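Enquirer: Need coordinates for the below:
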Amino acid sequence: MRSSRLRILTQFNTLPQGVKFLVDLRADLLRYVETDPALRSLDRELETRLSAWFDVGFLELQRITWSSPAALLEKLIEYEAVHEIRSWSDLKNRLDSDRRCYAFFHPRMPMEPLIFVEVALTDHLADNVQTLLDEHAPVFDAQRASTAIFYSISNTQIGLRGVSFGNFLLKRVVDDLKRDYPRLISFATLSPLPSLRRWSEKTPDAWQQAFNQADIERIKRHLAPETPTPEGADDLPKLLADDRWANDERLARALQHGLTRLAARYLLATGKGGRPYDPVARFHLGNGARIERLNYLADTSARGREQSYGLMVNYLYDPDTIETNVEAFSRSGEIAAAAAIRRSARD
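Expert: Model prediction:
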């Protein structure tokens, strides 16, 4: 039997702004549910109802362009969660002829993107976001593109937490791109490592495993005179707390091997339930991608250095292995990773 609460909530579906009201209501509810157990049953009912209403079969995939309504473009700026959109010219660059932006919409929320993905059409596996977001870079001829790079995926509605449709978005976008650009053969991401720094600071042994004494001596040779000298790998988090190290070319080069090993170990590390510690890895591996390549100083923004010492990762969606990877990850938590990633983690 449905609760009286659920019957009342269901009636909101008939109101013009009723669905959006419930999504926002749950967003507010999630702020208090952990501290007030009495709210948990209401949260479960809301999540169940919203999961039914936001089934992927009801969602509409739309491409967003520079010609889209200004109100919708403002929503992109507001909701972008990975790489901040700094200006209207920045947004225009992301919607140029060598770029694509797709979003899922619900018929009851026509001007509210639920999730959107930004894509760069190129001829190589992108290795840094600075180049991708460079407003002054020449526009690439999209008809020559062989590779689609998904460089930002943003969920926009906190109230839909637990309602999953990101995997369906990527599949639909891949189909759309393959139809428009038959030359595309590679589909990959340029993704952040959002918890690398937090994980590494909680895992002291990881530093000792990633940096050997030869690495430490090399780092010492390139330190500025006023910089405290690290005696061992345990001291490196303190050294890296000052983000200016990334601007010192020789010091950054001395740190590269060890930080790349640290990131490889992080990507293969598992947490609760034997699943990858990294939330972005869980998403892409669960959708059948493999960890393809680590990119050093690929995001030198303040946020990139704060999250991951500037490292980013490419996840590759290979049509020939997607289903096998999904099954292995779902069944036993097996992580699909390129040989170079596994080698780096072992070295």
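Enquirer: helix/strand/coil for Tyr315?
Expert: Here Tyr315 is recorded as strand under DSSP: H, G, I helix; E, B strand; the rest coil.
Enquirer: Mind listing what's buried along the worst-scoring helix or strand of the chain on mean pLDDT?
Expert: Lowest by mean pLDDT, DSSP states H and E among the helices and strands of the chain is helix 4-11, with a mean of 80. By 16 or more other CB atoms under 10 Å, the buried positions in helix 4-11 come out as 9-10. Bear in mind the C-beta positions are built from the backbone N, C-alpha and C, glycine included.
Enquirer: Return the residues in contact with Ala281.
Expert: Going by CB atoms under 8 Å, 6 or more residues apart in numbering, Ala281 touches 267, 291, 313, 315, 335.
Enquirer: and the last one, how many neighbours does it have?
Expert: Right, Ile335. When neighbours are counted by other CB atoms under 10 Å, Ile335 registers 21.
Enquirer: Surely it is within a helix?
Expert: No: using three-state DSSP, the secondary structure at Ile335 is coil, not a helix.
Enquirer: Do I have it right that it meets His284?
Expert: No: counting by CB atoms under 8 Å, Ile335 stays clear of His284, with 10.7 Å between them.
Enquirer: circling back: which residues are in contact with the least confident helix or strand of the chain?
Expert: Under the criterion CB under 8 Å, 6+ apart, residues 2, 18, 22, 42, 45-46, 49 lie in contact with helix 4-11.
Enquirer: Just to be sure, Phe116 is in a strand?
Expert: Yes: remark: Phe116 belongs to a strand, assigned using three-state DSSP.
Enquirer: how much space between the closest residue to Ala338 other than its chain neighbours and Leu262?
Expert: Nearest-residue entry for Ala338: Glu292, 5.1 Å, with adjacent residues in sequence omitted and distances by CB to CB, 6 or more residues apart in numbering. Distance, Glu292 to Leu262, using CB to CB, to the nearest Å: 18 Å.
Enquirer: Settle it for me: which of these two has more neighbours?
Expert: Regarding Glu292 and Leu262, a neighbour count based on other CB under 10 Å identifies Leu262 as having more, with 29 against 20.
Enquirer: Distance from the chain centre to the helix or strand where the more buried one lies, please.
Expert: If you go by DSSP states H and E, Leu262 is part of helix 249-268. Mean C-alpha position of helix 249-268 versus that of the full chain (CA atoms, centre = their mean, to the nearest Å) differs by 20 Å.
Enquirer: I would like the residues contacting it, please.
Expert: 193, 195-196, 199-200, 206-207, 209-211, 215, 218-219, 221-223, 233, 236, 240, 245-246, 276-278, 281, 291, 294, 296-297, 308-309, 311, 313, 335, 337, 341-342, 344-345, 347.
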